[in-house]
Every structure is written in C-alpha cells, then in structure tokens.
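Asks: Everything below, folded, please.
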Amino acid sequence: MKKYAFIILGAGAAGLSLAYHLVHSKLRDQSILLIDREEKNQNDRTWCFWSNRGEVFSSIFYRSWEKIGFIHEEWQKVIPLGDYRYNMIRGIDFYQEVRQTLSARLNVDWITAPVTQIIDTPEFALVAAGGKTYQAEWVFDSRFDPNLIEKKPERYHYLLQHFLGWEIETPQPTWDPSVPILFDFRVSQETGFQFFYTLPFNENRALVEYTFFTPILLSDEEYQRGLETYLKNVLRLDTYEIHAVEKGVIPMTDHPLPRRGGSRVMNIGTRGGRVKPSSGYAFARILRDSREIVRSLEKYGTPFRVPASPRRYAWYDRLLLQILFRQPRTGKAIFTALFKNNPPQRIFRFLDEEGSLLENIHLIASLPPVPFLKALWRVSILRKI
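Replies: Residues are numbered from 1 along each chain as shown. Coordinates of the predicted model:
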C-alpha cells in the first residue's frame, strides 16, 4: 500500500487549487495523490470573480475588466470598479496551468479512476480507487453529489442557479468589450427570478448566458428559446454563429455542508460549503479556502483550523434565499436597488463576507424593506420555509 501525506479527491477548482497551494508552501515536499474519475482536458466551464489584490492565477486570466454593466428597462449604468477587477478564467487554461506545475513535481501522483471507498481512522485514512488502496495522513474530498444530501425542506432552502450560455459571433459590432453585463433584467420575471449575463471578448464576440435562481430546472428547449428571444428581440440580432455552449447547475442552499468528513477527511469546494448560498460565486472563495487550509496545516498540523466568517452572513444568505424562494418577482427590485444605491466596493466586500457591520447596515438599508421583513418574520418568528 502506497502512503501519501495528502490525497485529494476530485481535480476540479477546489482540488487543483489546494494542490497548487500545497506545492507553493512549506509543505511542498510532502507527497500528494490526486484522484479524479476523468481527465480534465476540455474547456468545460468558465469561472468569474472580482478581486482587489494580486491573484495567484492572474497569468491565465482570459479577460479582466475595470467596470461592469447593469441593465434595467428604466435604468442602466456602467459602474467603474475602482481598485477591483472582474476576472474570467477558462476551465481549460486553469487545468493546464495547474497540471503543468504539478507534473514538474516528483512527489505528486495522479490517478484517473472512480473512488469506491474511504475508510477513516484517528491516525490515517484509506482510499480505494482503481482496484488499489492508498493511505494518507489527510484526505481532502471535493466530490459533490446533490443527491446525497438528505433534504429537509421544512428547515432549509434549496434553490439552484442554472444557466445556458452561448459563445456567439456576430457579423456587425454588437458589444462594448470593456463592459461585462452582470445583470440584464429585460426579461419577464413571471416564471421566477431570471436575467441575462454577458461576457464580451471583443465587439463581435461574447458569451451570453440565460440565468435562473429557482428550485427547478428548465427543459433544454426553454433555455434555447429564451436565448433566441433575447438575442432577436432585445439585442436585435438576426444573424450570429454559435461557437461554444456552456451549461451549468450550481446549488444555492443554506443546508449545512460540513467541513469534516471524518477524523482525517476534510470536505472542500462545493462539498465543503464553499459556494456562496445567495449568489452562487465560488472560485475566489475556493482560492481563499485553499490558502487558509495550507496555513492551518503549516501552523497547527491539521487542516481544520481555518477562520470562519461572521455568523451574520449566514443570516443574510438565509433571508435572500427565502425571498427568492417565496417572492421571486421581488428579486429584480432588490438587485436593482443593490447596484443603484451602493458602490461596488461595498457590494463586493459584503459578498466576500469581509464588510464591517456598519457597512452591512448601510447596504441592507438601501434595499426594499418589505420583502426582507416578510422573510425575517417567516424564518425567524414562524420558523417556516
């Protein structure tokens, strides 16, 4: 049986980020095994995040924008980000960058196989994969299967951020490549909270996504019909070519997702609750989490001593999830007020769970009060979802 210091299950954003941070730390010479059931050799996703600091993966930013756009039927705004940037990383660039770094390390092994069993003990953990068993001091598990969550709908919210995106090219100039559109609300809210999201690459090419925050998914035909209607009736595009398709589902829930998978097993990524419940953003949170896990290992010899966010942010998430679940049509007014009445720095610090209590109060006071009072009454007083 081969022994490792660390075994990482899943070679996606969380697993690769943790491995990358490990080999750039004081633990760089410790043995690492990565196990994934498939090769990461396709551009299967896009990650976007904001940042006001130098990021470890800045060399592979596909695009980085200094401002963002917000569109409402009655109000539009281009918002300068100040010292922040809105960044985009393509999945294939991230996979190749990290694999190239890790492949140069003799102490890092890779296995492509499904994991069949994890045995946890107080002293070590065993992982069975590909017909063999491996031992590790610590196992980090990023594999996420929503079907394994024992849902309790009477206590927690279960929404999904789901979308279909087309990377399209037009014969005529269509977009301002300096302004990604985070929200375009020129779409009916009758069937739930929904909007369009656009990442422009140049004047003729952009990734356009039809996005929902709802409990249930749509059929493929409904996503496609919505995109076609938006491109034709809103953007006035009759001719375009689709170069790539991106489809995704991100869980947005306040259901507890424990960090501990055992004495020697830590859950990371979506499995470890690193997706922001009220927004679906995860990549920057995963990078920060990887740094904190490595710091904990270096300082304490355990990965579990990572700092936690102030507990009030869990309540903020819970209230917004309640609103989007019970009052989805009000989501448009809430997000419009959020971007209309607050500087982006305050919004980003709030979403990063780094804002002060006073900043939080100013932000919440800028939003429509009635939906939040209803949500507070229902989840806090009535204790109902």
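Asks: elements contacting the helix or strand hosting residue 95?
Replies: Residue 95 is part of helix 91-103, with elements assigned from DSSP states H and E. Applying 3 or more Cβ pairs under 8 Å, 6 or more residues apart in numbering; DSSP states H and E, we find helix 91-103 packed against helix 13-22, strand 46-51. Quick note: C-beta positions are derived from backbone N, CA and C, even for glycine.
Asks: do that again at 10 Å, thanks
Replies: helix 13-22, strand 32-36, strand 46-51, strand 108-112 (3 or more Cβ pairs under 10 Å, 6 or more residues apart in numbering; DSSP states H and E).
Asks: For that helix, C-alpha coordinates in PDB please.
Replies: Taking Å, rounded to 0.1, in the frame of the first residue of the first chain, the C-alpha atoms of helix 91-103 are listed here in PDB:
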ATOM      1  CA  GLY A  91     -11.600  25.900 -17.300                       C
ATOM      2  CA  ILE A  92      -9.100  24.500 -19.800                       C
ATOM      3  CA  ASP A  93      -6.500  27.200 -19.000                       C
ATOM      4  CA  PHE A  94      -6.800  26.500 -15.300                       C
ATOM      5  CA  TYR A  95      -6.500  22.800 -15.700                       C
ATOM      6  CA  GLN A  96      -3.400  23.100 -18.000                       C
ATOM      7  CA  GLU A  97      -1.700  25.600 -15.700                       C
ATOM      8  CA  VAL A  98      -2.000  23.600 -12.600                       C
ATOM      9  CA  ARG A  99      -1.300  20.300 -14.300                       C
ATOM     10  CA  GLN A 100       1.900  21.700 -15.800                       C
ATOM     11  CA  THR A 101       3.000  22.900 -12.300                       C
ATOM     12  CA  LEU A 102       2.200  19.700 -10.600                       C
ATOM     13  CA  SER A 103       3.700  17.500 -13.300                       C
END
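Asks: what's next to that helix, contact-wise?
Replies: 11-13, 15-17, 19-20, 22-24, 32, 34, 39-47, 56-57, 59-62, 89-90, 108-110, 246, 283 (Cβ atoms under 10 Å, 6 or more residues apart in numbering).
Asks: quick one on the thing from earlier: export the helices and strands packed on helix 91-103 to CSV and tack on mean neighbour count and mean pLDDT?
Replies: Formatted as CSV, those follow (neighbours: other Cβ atoms under 10 Å; pLDDT from 0 to 100):
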stretch, mean neighbour count, mean pLDDT
helix 13-22, 25, 98
strand 32-36, 23, 98
strand 46-51, 20, 95
strand 108-112, 17, 97
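Asks: Tell me which of these sits nearest to residue 328.
Replies: strand 46-51 (23.4 Å; Cβ to Cβ).
Asks: Past that closest one, which element shows up next along the chain?
Replies: Scanning onward from strand 46-51 (DSSP H and E), the first element met is strand 63-65.
Asks: What strands line up against that next one, and which way round?
Replies: strand 85-90 (antiparallel) (DSSP bridges).
Asks: hey, C-alpha coordinates of the strand it pairs with in CSV?
Replies: Extracted C-alpha coordinates of strand 85-90, given in CSV (Å, rounded to 0.1, in the frame of the first residue of the first chain):
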residue,chain,number,x,y,z
ARG,A,85,-11.3,43.9,-11.3
TYR,A,86,-13.8,41.5,-12.6
ASN,A,87,-11.8,38.5,-13.9
MET,A,88,-12.6,35.5,-16.1
ILE,A,89,-10.7,32.2,-16.2
ARG,A,90,-11.5,29.4,-18.7
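Asks: and the angle from that strand to helix 13-22?
Replies: 100 degrees (axes from the mean of the first three to the mean of the last three Cα atoms, to 10 degrees).
Asks: so how far is the first residue of stretch 185-204 from its last?
Replies: Taking Cα to Cα, to the nearest Å, stretch 185-204 runs 22 Å from one end to the other.
Asks: Which positions in it come out as buried?
Replies: 185, 187, 192-201, 204 (16 or more other Cβ atoms under 10 Å).
Asks: Find the pair from those with maximum spatial separation.
Replies: Applying Cβ to Cβ across the buried residues of stretch 185-204, the maximum distance is between 192 and 204, 31.7 Å.
Asks: Give me the mean pLDDT for the helix ranked longest in the chain.
Replies: In the chain, assigned by DSSP state H, the helix with the most residues is helix 283-300. Across helix 283-300, the average pLDDT comes to 97.
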